[in-house]
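In: after the sequence you'll find the predicted model.
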Amino acid sequence: MTRAAADTDPKTVFEAEEPHLAKRKFLHDAAEHVRDTAHRAFVRKALGGYYTSRDTQQARYRDWEQARDAASLAKWSAVNRLDELLPRFVGNFEANGGRVHWARNADEARTIILGLLRQARARAVIKSKCMTSEEIHLNAAMERDGYGVVESDLGEFIQQLRGEPPYHFVFPCMHVRRDEISDLFGRHLGTPPTDSPEELTMIARRHMRRLYVDADVGITGANFLVAETGQISITENEGNARLTAALPRVHIALAGIEKVVANLDDLAVLLPMLATAGAGQPLTCYNTLYAGPRQAGECDGPEEMHLVLLDNRRTEILADPEQRDSLHCIRCGACLNVCPIFKNVGGFTYGTTYQGPIGSVITPHLRGLADWNHLSGASSLCGACTDACPVRIDIHHHLLHNRRNAARSSPSRLERLGHRLFALVASRPWLFAAGGMVVRRTLWLAKKLPPPLLRAWLATRDLPRPPARSFRSQWRSRP
Amino acid sequence: MSQASTAGAVILARIREALRVPAPPPQMRSHATEQAAAAGPGGLTILPADVARPWLPDGGDTPEERVAILTENLRRLKAEVHRAADLAAAADLVATFAADRGWRRVAWHGHETVEPLAIRLGCDTYRVDDRQFDKDALEACDAGITACEAAVAQTGSILVSSGSCGGRALSILPHVHVVILPAVAVAGTLADALDLVRARHASRLPSMLSFITGPSRTGDIERILVLGAHGPRELIVVLVG
Ligand code: SF4
């Protein structure tokens, strides 16, 4: 199955090739999406079950809030000791028989992986869910080099067939209805229509089993890199990552450098928190620690294990102490699930690998503030994301920090003028009063003859009816 | 220096440079965590796991409590739990499953808790660890029986390893996974189980250790729970003793 067989044009092409259009795309897609009430209702309903199971599972914690403290402590102490823990991890990983490859950017990572595929004489490659591979557009590169690659995670498989990137980095196809999936499978796999999620899942299960057995190379991500032991930890529900790392001859894992944790004990906190925040589970179905390839005395497993460690501007976030904690992210997806913006504009509108609040924080760092600063405005600053985050990242304040940084690095003349004007008026009570009087009298005009600057804003909003008297005059005449 | 080692050196240099300015600890609610962080990221006075221990879900204090919590969690996760007084009773139990559920071929591995069961199964069997491992033969099996390293009451998990539980594929490829769990192997919390891993495998880690928490599942289609996505559709835990 290749991208050529996909139904629609991959939407990622846009983001990769025309970053300067990112803002226009966002505004356009957001406007389109908010009008699609059926779609929004569908996504809300899909998330309904998540809220229930998350609340139920959180209630089983003796104190969820304090557990969040411990999780953030674990990530803080790891990220701020990356200089010490990363080399320790690499040493231990290689002592276990695995090989580490360093990639400064997406291009190096792709080159390394393609080289490993050539070396392994790969004919068939199976992949389990790995957002880092989406970040470096790995599939497209593999296909250009003639490697067939199949996504084994059900949601990713559906997205691959649809020719779309993931809609949500934890729930990749949450926006797709079952009848669409049934049609999709009918077209690509020749299966009869069904409206049962169970049957649809079984179709994918049956289709995939042969592919695991036949693949020569399995590619996975990694959720944590354990410095103490040199193991990589992979979290999943379906068992596809387990199969991907069990049956092929070669296992390649790809991970960002920020995934390091100090020791196994930290996993005892982070794994349950990840599962509960992300999907309302006590622990995801399979949490697996890999220490190198098959060992003498073991009856199966890959002959080689490679780990590609990716920087791709993570060190730039690290260099900003104010936002360094955005590297604490364990990609649970909780901040997306509670975000009013995500729920209203949908996952594709962002045009990023990482959607939602955390994506809006890190994308400007990973891909340039100039083109991506509009994401900092894609927030109501309600703070729901920060409250949901299991590792207590100060997400919504970072959106403000990005706005401030953008204003500093490329100040808008218009905005500056506006602020000056405001300062001028606000610091002179008589001028403020006079201005207020004028606005109270003429506000009705704004809707009739919208000034050009406010036209877009007023198109979908009503102005309040102005009070007859100013606040200050009401205050003076209070009884 | 090769490209690869240059890239590594460059990244590590960037990291060292970036970390020259320290970042304050995150906002925290509890005094205990704040104190733990006071000495800086390298000098935690208490491990995060120890901070979290009283706040995470309960794992039980006594062996009986642990078994009770584990059983409740496993049932919630839609795994089957059966109790057997000893390995002979477990063997009878698993033989009835095989007959009732029409298993034609069952895979297993040589282990003192698995062997007595495997040899008493009424159906065809496939032992994975005494010959050249054949993926197709294993794929064709209806069920796989494995030992386990431990269980975790707190999360309802079973810990298997590639070293002692028949490799990597046996517990994930067949449609049904039967685990033989001695009651004494039930740990309270994930932290306890990881301690155990450390104590048991300090000198040489098995290449895979996996916490299995219920039968394979997915919610990818409209967020509706479906069991048996790619791994076993059924997880049967036989608690012995
Ligand atoms: S920022 Fe926090 S809530 Fe959002 S995905 Fe990362 S860990 Fe989860």
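Out: Happy to help now that I have it. Residues are numbered from 1 along each chain as shown, chains lettered A, B, ... in the order given.

In: and the nearest residue to residue A:409 once chain neighbours are set aside, how many neighbours?
Out: Leaving aside its sequence neighbours, residue A:409 sits nearest to residue A:369 (Cβ to Cβ, 6 or more residues apart in numbering or on different chains; 6.5 Å). In short, each C-beta sits where N, CA and C put it, glycine included. By other Cβ atoms under 10 Å in any protein chain shown, the residues close to residue A:369 number 17.

In: can you name the residues that contact residue A:369?
Out: Residue A:369 sits next to A:402, A:405-406, A:409 when contact means Cβ atoms under 8 Å, 6 or more residues apart in numbering or on different chains.

In: let's have the residues you listed in TSV, adding secondary structure and distance to residue A:291.
Out: Compiled in TSV, those are given as follows (DSSP: H, G, I helix; E, B strand; the rest coil; distance: Cβ to Cβ, whole Å):
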residue	secondary structure	distance to residue A:291
A:402	helix	39
A:405	helix	41
A:406	helix	44
A:409	helix	44
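
In: out of these, which end up buried?
Out: A:402, A:405-406 (16 or more other Cβ atoms under 10 Å in any protein chain shown).

In: show me which of the residues you listed is closest to chain B.
Out: Using Cβ to the nearest Cβ, residue A:405 comes nearest to chain B of the buried ones among the contacts of residue A:369, at 16.0 Å.

In: and the nearest residue to the closest one once chain neighbours are set aside, what's its pLDDT?
Out: The shortest distance from residue A:405 to any non-neighbouring residue, by Cβ to Cβ, 6+ apart, is to residue A:369 (6.4 Å). The model reports residue A:369 with a pLDDT of 87.

In: what backbone torsions are found at residue A:369?
Out: phi -70, psi -40 (degrees, to the nearest 10).

In: go on, the one 3 residues further on?
Out: Here the main-chain torsion angles of residue A:372 (degrees, to the nearest 10) amount to phi -120, psi 10.

In: before we move on, what about the one 3 residues further on?
Out: Backbone torsions for residue A:375, taken as degrees, to the nearest 10, come to phi -70, psi -30.

In: mind checking pLDDT for it?
Out: 93.

In: and it, how many neighbours does it have?
Out: With other Cβ under 10 Å as criterion, residue A:375 counts 27.

In: OK, contacts around the closest residue to it other than its chain neighbours?
Out: Closest residue to residue A:375 apart from its sequence neighbours, by Cβ to Cβ, 6+ apart: residue A:360 at 3.8 Å. Residue A:360 is in contact with A:350, A:352, A:375-376, A:378-379, A:399, A:402, counting by Cβ under 8 Å, 6+ apart.

In: let's go with 10 Å and repeat that
Out: A:335, A:339, A:341-342, A:350, A:352, A:354, A:372-379, A:385, A:395-396, A:398-399, A:402 (Cβ atoms under 10 Å, 6 or more residues apart in numbering or on different chains).

In: just residue A:337 next, same as before
Out: Here residue A:337 is in contact with A:46-47, A:50-51, A:54, A:168, A:170-171, A:174, A:277-280, A:343, A:356, A:384-385, A:388 (Cβ under 10 Å, 6+ apart).

In: and the ligand, which of the residues you listed contact it?
Out: Contacts with the ligand within the contacts of residue A:337, as defined by Cβ under 6 Å from any ligand atom: A:277, A:388.

In: can you get me a residue count around whatever residue of the stretch 151-300 of chain A ends up closest to chain B?
Out: The minimum distance from the stretch 151-300 of chain A to chain B, using Cβ to the nearest Cβ, falls at residue A:239 (2.3 Å). Other residues within reach of residue A:239, judged by other Cβ under 10 Å, total 31.

In: enumerate every residue touching the residue nearest to it when sequence neighbours are not counted.
Out: For residue A:239, ignoring the flanking residues on the chain, the nearest one in space by Cβ to Cβ, 6+ apart is residue B:231 at 2.3 Å. By Cβ under 10 Å, 6+ apart, the contact set of residue B:231 is A:205, A:236-243, A:285-286, B:171-175, B:177, B:212, B:214-217.

In: same deal with residue A:120?
Out: Residue A:120 makes contact with A:216-217, A:248-250, A:252, A:302-304, A:306 under the criterion Cβ under 10 Å, 6+ apart.

In: and those, which of them are buried?
Out: A:216-217, A:248-250, A:252, A:302, A:304, A:306.

In: just checking, residue A:361 touches residue A:375?
Out: Yes: Residue A:361 sits in contact with residue A:375 when judged by Cβ atoms under 10 Å, with a separation of 8.2 Å.

In: circling back: with pLDDT as new columns, can the buried ones among the contacts of residue A:369 be given to me in TSV?
Out: Shown next, in TSV, are those (pLDDT from 0 to 100):
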residue	pLDDT
A:402	91
A:405	89
A:406	87
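
In: make JSON lines out of these and add distance to residue B:240.
Out: Formatted as JSON lines, these follow (distance: Cβ to Cβ, whole Å):
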{"residue": "A:402", "distance to residue B:240": "57"}
{"residue": "A:405", "distance to residue B:240": "61"}
{"residue": "A:406", "distance to residue B:240": "63"}
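
In: so which of these comes closest to the ligand?
Out: residue A:402 (14.4 Å; Cβ to the nearest ligand atom).

In: wait, doesn't the closest one sit right on residue A:368?
Out: No: between residue A:402 and residue A:368 there is no contact, the gap being 11.7 Å when judged by Cβ under 10 Å.

In: still on that earlier bit, by neighbour count, sort out the buried ones in the contacts of residue B:231.
Out: A:205, A:236-243, A:285-286, B:171-175, B:177, B:212, B:214-217.

In: tally of neighbours for residue 158?
Out: Picking chain A for this. Neighbour tally, residue A:158, other Cβ under 10 Å: 23.

In: chain B is the one I meant
Out: Residue B:158, neighbours per other Cβ under 10 Å, totals 29.

In: can you list the buried residues in the top helix by length along chain B?
Out: Criterion DSSP state H: the longest helix present in chain B is helix B:3-18. Neighbour-count burial for helix B:3-18 flags B:7-8, B:11-12, B:14-15, B:18 (criterion: 16+ other Cβ under 10 Å).

In: let's have the residues you listed in JSON lines, adding pLDDT.
Out: Shown next, in JSON lines, are these (pLDDT from 0 to 100):
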{"residue": "B:7", "pLDDT": "95"}
{"residue": "B:8", "pLDDT": "95"}
{"residue": "B:11", "pLDDT": "97"}
{"residue": "B:12", "pLDDT": "97"}
{"residue": "B:14", "pLDDT": "97"}
{"residue": "B:15", "pLDDT": "97"}
{"residue": "B:18", "pLDDT": "97"}
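
In: quick one: which of the residues you listed is nearest residue B:204?
Out: Distance to residue B:204, by Cβ to Cβ, is smallest for residue B:8 among the buried residues of helix B:3-18, at 26.0 Å.

In: what's the helix or strand containing residue A:102 packed up against?
Out: Assigned by DSSP states H and E, residue A:102 belongs to strand A:99-103. Helices and strands touching strand A:99-103, by 3 or more Cβ pairs under 10 Å, 6 or more residues apart in numbering or on different chains; DSSP states H and E, are helix A:82-95, helix A:106-119, strand A:250-256, strand A:304-310, helix B:3-18.

In: what's around the nearest residue to residue B:163 once chain neighbours are set aside, how many residues?
Out: What sits nearest to residue B:163 in space, not counting adjacent residues and going by Cβ to Cβ, 6+ apart, is residue B:206, at 3.5 Å. By other Cβ under 10 Å, the residues close to residue B:206 number 27.

In: could you list the single helix or strand in chain B with the lowest mean pLDDT?
Out: Lowest by mean pLDDT, DSSP states H and E among the helices and strands of chain B is helix B:31-37, with a mean of 83.

In: quick check: mean pLDDT of stretch A:442-458?
Out: Here the average pLDDT along stretch A:442-458 is 80.
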